[in-house]
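1. no sequence for this one, just the structure:
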């Protein structure tokens, strides 16, 4: 099992200890460091700034929102960071949701699957640098010929030669169609709130994508990176209680009423009544009560919390369910070392 440090996105200000966490993760044998974005800090800049002090770990986005930048601009970010890191960059992409896409970026959210397919295709054309990049699709036409166009646009190739034409692209996906699309066109799946119990269902979605004509990968060389809070502790109930407010936020506050993809994940897990209660309380401004309405068993399904031996056994179970990387958030350097000590022996045993 590989480990990735999930730095996430910032709150009101940058985290003060991020450089120490990144350094500790590399020293502890973590495979990667990831950064995210919502509607504040971006995902690329922290990797360039804090990643400059690393030499081995992969640097990935989990995720950058497609509506935040055009495919060509995203490819420019990716090829730049790949050069600066010596070929260690992983481009994680996601569509976000209508509240952010239409409310923050001022872009239409419709047809997210078609937009994703077209976006990834353009990014790959830029990275391949085989010919000037053009696109006839309706979402990202190149050259642009719509309203306001001067008609002077021309297809271009990137001035900078990309370091890797096959730079890995992973997709953040939650629903069956998006997960199947990831298996078809991407190099990995960024899973949020993965539950090993539902691995057979995920496998069906993935197999649909792998079975499509011209699928890019097979099960054997496709990466599944699951966001999972891993905490080594003798007081699991207290830690799970500490994690509940964030779960409540994603169920009740990180999506539009009637279209919250995170809430749908928990509904598929069988927690439909919980989702309804948490959503109602959160949207009424009763956030503490919403967190209290999240049951312990739900948190236990999507996290790994316990003693070293318990964590070790759970990591093996997640790996058996198909997960190749755990993306973990750690509060301090001691937590990073504890997670590494608990997880790495599993890998040694399996070898």
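-> Cool, the structure landed. This is a predicted model, so every value here is computed, not measured.
2. how far does stretch 228-238 sit from the chain's center?
-> 22 Å (CA atoms, centre = their mean, to the nearest Å).
3. got the contact list for it?
-> By CB atoms under 8 Å, 6 or more residues apart in numbering, the surrounding residues in contact with stretch 228-238 are 194, 239, 243, 296, 302-308, 310-311, 315, 318, 323, 326-329, 335, 338-339, 341-343. From N, CA and C alone the C-beta is placed, and that goes for glycine too.
4. Low-confidence regions, the stretch 151-300 of the chain specifically.
-> Low-confidence segments of the stretch 151-300 of the chain (pLDDT under 70): 255-256, 259.
5. swap the cut-off to 80 and go again
-> Along the stretch 151-300 of the chain, the model assigns pLDDT under 80 to residues 253-261.
6. Which stretches in it count as strands?
-> Using DSSP state E, counting those that start in this stretch, the strands of the stretch 151-300 of the chain run over 169-172, 188-192, 223-227, 230-232.
7. Look up how far residue 5 lies from the closest residue to residue 23 other than its chain neighbours.
-> Closest residue to residue 23 apart from its sequence neighbours, by CB to CB, 6 or more residues apart in numbering: residue 53 at 6.3 Å. Residue 53 sits 13 Å away from residue 5, going by CB to CB, to the nearest Å.
8. Please apply the same query to residue 205.
-> Counting by CB to CB - residue 205 and residue 5 are separated by 27 Å.
9. Looking at these two, which is more packed in?
-> Using other CB atoms under 10 Å as the criterion, residue 205 and residue 5 rank with residue 5 on top: 25 against 20.
10. Mind listing the shared neighbours of residue 53 and residue 5?
-> With CB under 8 Å, 6+ apart as the test, residue 53 and residue 5 both reach residue 22.
11. circling back to that earlier point, give me the subset of the contacts of stretch 228-238 that lies in strands.
-> 304, 305, 306, 326, 327, 328 (DSSP state E).
12. my read: the last one touches residue 1, true?
-> Read that as residue 328. No: using CB atoms under 8 Å, residue 328 is not in contact with residue 1, being 10.7 Å away.
13. hang on, residue 121 packs against residue 133?
-> No: counting by CB under 8 Å, residue 121 stays clear of residue 133, with 10.0 Å between them.
14. about what we covered before: with pLDDT, distance to residue 276 and neighbour count added, can I get the ones in strands among the contacts of stretch 228-238 in CSV?
-> Output for these, formatted as CSV (pLDDT from 0 to 100; distance: CB to CB, whole Å; neighbours: other CB atoms under 10 Å):
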residue, pLDDT, distance to residue 276, neighbour count
304, 97, 27, 25
305, 96, 26, 23
306, 96, 30, 21
326, 97, 30, 25
327, 97, 28, 29
328, 96, 30, 25
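15. Which of these sits closest to residue 91?
-> If you rank the ones in strands among the contacts of stretch 228-238 by distance to residue 91 using CB to CB, residue 327 comes first, at 15.0 Å.
16. re earlier: any chance of the strands of the stretch 151-300 of the chain in TSV with mean neighbour count as columns?
-> Shown next, in TSV, are these (neighbours: other CB atoms under 10 Å):
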stretch	mean neighbour count
strand 169-172	25
strand 188-192	25
strand 223-227	23
strand 230-232	24
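17. quick one: which of the ones you listed is nearest residue 211?
-> strand 188-192 (15.5 Å).
18. That closest one vs strand 223-227, what angle?
-> Interaxial angle, strand 188-192 versus strand 223-227 (axes from the mean of the first three to the mean of the last three CA atoms, to 10 degrees): 20 degrees.
19. from here on, count from 694
-> Renumbered: residue one is now 694, and that last one reads strand 881-885.
20. other SSEs contacting strand 881-885?
-> Under the contact definition 3 or more CB pairs under 8 Å, 6 or more residues apart in numbering; DSSP states H and E, strand 881-885 sits against strand 782-787, strand 862-865, helix 869-878, strand 916-920.
21. Just tell me which of these ends up closest to residue 721.
-> Nearest to residue 721, of the helices and strands packed on strand 881-885 and by CB to CB, is strand 916-920 at 17.7 Å.
22. Parallel or antiparallel, which strands does the closest one pair with?
-> strand 881-885 (parallel), strand 1018-1021 (parallel) (DSSP bridges).
23. So what angle separates the directions of it and strand 782-787?
-> 70 degrees.
24. Tell me which residues are up against strand 916-920.
-> Contact with strand 916-920 is made by 697, 699, 755, 861, 863, 880-887, 1011, 1015-1020, as judged by CB under 8 Å, 6+ apart.
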